[in-house]
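Participant: Make a model of this:
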Amino acid sequence: MRASSAVVTDSSVRLWDLVFPCQTALLARTRFAYIHLDNLIAYSKRDRDGKVDAYLACYRPDETILLFFVNGDLVNAAVITALGRFAIAISEALRHMRAEPERSELCFCEVSEEQLAIMYATFTQPPVDLGIDPSTPATVFGRILERKFTGVLELISKGFVNYVTVKDGHYAGALFADPRQGEKPQDTMARIFTAPPPEPRPKVAVKAFAGLATLPLQATPALVKVFREFVWDLTDEAEKECPGDGAKRAEKVRSRLVSTHDVLRCVGGARDLQVADPITDPAALADAVAAWTKEYLTELEVIHPSVAPRLLHEAAREPRYALAAVGFFDRLPWRIEW
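Facilitator: Alright, predicted model coming up:
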């Protein structure tokens with residue numbers, strides 16, 4: 001199988017060669033065609049031994065995708081390409097991964113939740129321009145100390161991705177992709193910047209990031225589907241109450257609110273409309289749909305007083321537990337008796 005030739009931006013390192021820090025390799029790097037992805041994800045959710053904080057790296061032609069797991073649950077995703085790094089919807093990440101299994105490889109690694117937050121930050125935050133000279137550890141940390149920087153340093157050398165946390169310019173911790181037993185952090189750092197003869201001295205790519213305190217949780221594909229179905233069902237119930245007017249009002253309200261709740265671009269519209277899932281957290285998704293629901297039902301009550309609780313009850317009856325779990329009903333002025 002021929003590996004991809006795409007390289008990391010501002011580096012000569014191929015995406016295919018990236019190695020991230022790992023505490024325990026739950027699945028060593030293996031050709032994707034040999035792995036049942038759905039079973040791996042399901043095992044992480046249901047089995048006690050699978051409830052770990054981990055990342056799943058998928059090396060594909062021209063991109064590397066990372067899925068992030070917290071306590072066994074798939075909670076976020078990101079991708080790195082030759083053009084840059086981005087957050088990606090979980091559903092989109094899974095679709096990409098399944099596209100060419102015979103040309104892809106997977107590894108599944110247990111790590112700390114702190115490392116997951118650091119990795120996600122380096123994929124989604126813009127680098128902080130500190131004017132770092134990446135020649136030696138001394139030039140790197142001299143600049144960091146001078147700027148009294150607090151955050152995360154990413155150092156990519158010979159394909160190994162390393163993370164160093166700093167506080168007020170001082171070393172605070174490190175996660176190395178190629179650690180050696182008993183080796184001190186300063187010795188590992190020196191090794192990142194050197195190579196034994198006759199190998200050429202490696203070119204180290206150094207970037208600084210503000211970092212994140214915790215890993216953000218993305219609204220899962222299942223939760224997005226629940227909210228989409230709810231919006232469609234509520235619109236259908238309103239259309240029965242106001243034939244020819246319910247669906248039109250629903251779309252008008254959605255159009256008005258898109259400017260303040262961008263996630264509504266991906267929720268609503270014609271039933272079964274094929275649109276990409278939003279990259280958003282569960283609270284923002286619940287806020288957006290609750291804002292739409294409140295404004296929509298308030299308009300309908302002008303025409304049909306007291307209709308809102310009944311329509312809400314009918315549309316939300318099936319998914320009520322999933323909606324309640326994210327506090328959806330707490331965001332509405334109506335109280336429903338189930």
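
Participant: what comes up buried for the helix or strand containing residue 254?
Facilitator: Following DSSP states H and E, one finds residue 254 within helix 246-257. Within helix 246-257, the residues that qualify as buried are 246, 247, 249, 250, 253, 254, 257, counting by 16 or more other CB atoms under 10 Å. Using the backbone N, CA and C atoms, a C-beta is placed for each residue, glycine as well.

Participant: gap between it and the chain center?
Facilitator: 30 Å (CA atoms, centre = their mean, to the nearest Å).

Participant: before we move on, what about stretch 76-87?
Facilitator: 10 Å.

Participant: residues making contact with that stretch?
Facilitator: Stretch 76-87 has contacts (CB atoms under 8 Å, 6 or more residues apart in numbering) with 6-9, 15, 18, 62-68, 88-90, 92-93, 96, 119-120, 122-124, 215-218, 279.

Participant: got the contact list for residue 107?
Facilitator: Going by CB under 8 Å, 6+ apart, the list of residues near residue 107 reads 22, 25, 27, 28, 29, 30, 56, 57.

Participant: Excluding chain neighbours, give the residue nearest to the second one in space.
Facilitator: Which is residue 25. Spatial nearest neighbour of residue 25, excluding adjacent residues (CB to CB, 6 or more residues apart in numbering): residue 109 at 5.5 Å.

Participant: Surely the one you found is in a strand?
Facilitator: Yes: in this structure, residue 109 lies within a strand as judged by DSSP: H, G, I helix; E, B strand; the rest coil.

Participant: Please work out how many residues are found near it.
Facilitator: When counting by other CB atoms under 10 Å, one arrives at 22 neighbours for residue 109.

Participant: what separates it from residue 21, distance-wise?
Facilitator: From residue 109 across to residue 21, the span is 8 Å (CB to CB, to the nearest Å).

Participant: again, but for residue 326
Facilitator: Applying CB to CB to residue 326 and residue 21 gives a distance of 32 Å.

Participant: same check, this time on residue 41
Facilitator: Residue 41 is 22 Å from residue 21, by CB to CB.

Participant: what pairs with the host helix or strand of residue 27, and is each one parallel or antiparallel?
Facilitator: Counting by DSSP H and E, the element that carries residue 27 is strand 24-31. Take DSSP bridges as the rule and strand 24-31 pairs in its sheet with strand 105-110 (antiparallel).

Participant: Okay, buried residues for the helix or strand following the partner strand please.
Facilitator: Using DSSP H and E, the next helix or strand after strand 105-110 towards the C-terminus is helix 113-124. Neighbour counts over helix 113-124 (16+ other CB under 10 Å) mark 114, 115, 116, 117, 118, 119, 120, 121, 122, 123, 124 as buried.

Participant: re the thing from before, next SSE after the helix holding residue 254?
Facilitator: Trace forward from helix 246-257 with DSSP H and E and the next one is helix 282-303.

Participant: how big is the angle separating that following helix from helix 246-257?
Facilitator: 130 degrees (axes from the mean of the first three to the mean of the last three CA atoms, to 10 degrees).

Participant: contacts for helix 282-303?
Facilitator: 217, 219, 223-224, 227, 230-231, 234, 238, 241-242, 246, 249-250, 253-254, 256-257, 260-264, 267-268, 278, 307-308, 311-312, 323, 326-328, 331-334.

Participant: before we move on, what about stretch 168-176?
Facilitator: By CB under 8 Å, 6+ apart, stretch 168-176 touches 21, 111, 115, 118, 141, 144-150, 160, 162-166, 185, 188-189, 192.
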